[in-house]
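Visitor: Model the following, please.
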Amino acid sequence: MGADTLRLAQAKIARLAGQQQDLVSFWRGVTAVLGGAVPHFRAPCFFTMDPASLLITSHFQEGLPEFPANWLTHEYLGDDVHQLADVGRSDRGISTLHEVTGGDPASSPRWHANMAYGGDQEMIAALRTRTGDIWGALSLYREPGRPLFEPVELAFIQAIAPALAEGVRRALLFGEATDPDFPDAPGLLILTGSGDVESVTPGTERWLADLPDGDWATGRLPSSVLAVAGQALRSVQHPGVPGMVAMSRVLSRTGTWVVLHGACLATTGQERVAVIVEPAHPGRISPLLMSAYGLTEREQELTRLVLQGNSTAEIATKLVLSAHTVQQHLQNVFDKTGVRSRRDLVGKIFFAHYEPRLRDNEQRAQHDRPLRGGPYR
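Guide: Reported below is the predicted structural model:
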């Protein structure tokens, strides 16, 4: 593919990421663009992942409404290379099964599982925002006899990955705000280009009341909301980084951090801006999940790093502990969760708390309901 074609495709992806839409619609739009930029692949497989644990929360692939259970078992209980969390943690954030096996993909059980579905080659890219949070992954497969993925194709996927991550994050937030399940769901405001409130979702007033220098009773919006809305408008009028969502992190009146996301809505009439308000904890494992096992704060942090695939040495470095202390904490986690190994721990938490979310999202997709991120409550 020529450079002009790839630049055009990247711009299309950025525009898709900048639209306010449900996640399945976003994936379908991305699929159409990828087909003209990276040829010879089968239907792409998209995943959402919990940034705290790097465990899968949903998937989407045309023609595959239910993800194979044996693939999940292999991913979270098997011993193999090229797993999603490994790619997500890597510096490049992208790799092929051919690369990680030194040109011998048949040496990997993963290859044999892929071949059952006609996938000789596998490319995985982490969908990582520019701030480092991983919200998903993209897998592309090629049938036997097709050429290897080329460096220019890998570079293109790397280039669009941040926009894809922002599109995922926005679609999940939009779904949670417009169809809330719980009292702590994000709030959504729709503002006109002049800053007037057009609509709000239920519960948004609570978020606004907790932001400094606003007064919802008199209609005065917090300056942080207006600033993010203005930033979103400017990003469209004077594009700097296409597809990026305006964001701001604000300390609330109650002392907790809140994140604001702003994005212009695609419209042929008056300019409109969506502002989503949510708690700032994408890096935290769900307190509800962890409380089920009675883990301490330190044990929760260690469990998060284990789920992400970190080694004992890496955990010791990140938590500023000795390897011996890490092993002691890890044994306590094993005792509380009733497992004997790291792999068992990952498998237990995934199949108890994340596979139900994935299966719930499969049903949601079939009934045109918003998909959810994070473990199943």
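Visitor: mind checking the SS state of residue 138?
Guide: Secondary structure assignment for residue 138 (DSSP: H, G, I helix; E, B strand; the rest coil): strand.
Visitor: Likewise for the one 3 residues further on?
Guide: On the three-state scheme (three-state DSSP), residue 141 is labelled strand.
Visitor: got the contact list for it?
Guide: Contact analysis of residue 141 by CB atoms under 8 Å, 6 or more residues apart in numbering lists 41-42, 45, 114, 117-123. Where you see a C-beta, it was placed from the backbone N, CA and C, and this is true even at glycine.
Visitor: what does residue 96 give?
Guide: 121-124, 148-149, 154.
Visitor: center of this protein - which residue?
Guide: Residue closest to the average C-alpha location in the chain (CA atoms, centre = their mean): residue 135, at 1.4 Å.
Visitor: re the thing from before, most surrounded residue in the contacts of residue 141?
Guide: residue 123 (25 neighbours; other CB atoms under 10 Å).
Visitor: if I look at residue 203, how far off is residue 182?
Guide: Separation of residue 203 from residue 182 (CB to CB, to the nearest Å) stands at 10 Å.
Visitor: Who has more neighbours out of the two?
Guide: When residue 203 and residue 182 are compared for neighbours, residue 203 comes out ahead with 17 against 9, by other CB under 10 Å.
Visitor: Leaving out sequence neighbours, find the closest residue to the more buried one.
Guide: Once flanking residues are discounted, residue 203 sits nearest to residue 187: 5.8 Å by CB to CB, 6 or more residues apart in numbering.
Visitor: so what's residue 139 up against?
Guide: Residue 139 touches 44-47, 122-125, counting by CB under 8 Å, 6+ apart.
Visitor: ok, which pair from these is furthest apart?
Guide: 46 and 122 (14.2 Å; CB to CB).
Visitor: domain ranges for this structure?
Guide: Domain ranges of the chain: 3-177, 182-279, 287-337, per automatic domain parsing.
Visitor: quick one: terminal-to-terminal distance for the first one?
Guide: Domain 3-177 stretches 39 Å from its first residue to its last (CA to CA, to the nearest Å).
Visitor: Which parts of the stretch 1-150 of the chain are helices?
Guide: 3-17, 23-37, 69-77, 84-89, 97-100, 109-115 (DSSP state H, counting those that start in this stretch).
Visitor: Out of the ones you listed, which gets nearest to residue 296?
Guide: helix 84-89 (23.5 Å).
Visitor: In terms of secondary structure, what does the closest one contact?
Guide: Packed against helix 84-89 by the contact rule (3 or more CB pairs under 8 Å, 6 or more residues apart in numbering; DSSP states H and E) you find strand 45-49, strand 121-128, strand 134-142.
Visitor: tilt between the first one and helix 69-77?
Guide: In this case it means strand 45-49. Relative orientation of strand 45-49 and helix 69-77, computed by axes from the mean of the first three to the mean of the last three CA atoms, to 10 degrees: 40 degrees.
Visitor: and the contacts of residue 96 as CSV, adding distance to residue 348 and pLDDT?
Guide: As requested, those are arranged in CSV below (distance: CB to CB, whole Å; pLDDT from 0 to 100):
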residue, distance to residue 348, pLDDT
121, 32, 95
122, 26, 97
123, 30, 97
124, 24, 98
148, 37, 95
149, 34, 95
154, 34, 96
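Visitor: Out of those, give me the two with the largest separation.
Guide: The largest separation in these, counting by CB to CB, is between 124 and 148 at 14.7 Å.
Visitor: okay, the two: which has more neighbours?
Guide: Neighbours were tallied for residue 124 and for residue 148 using other CB under 10 Å; the higher tally belongs to residue 124 (24 against 14).
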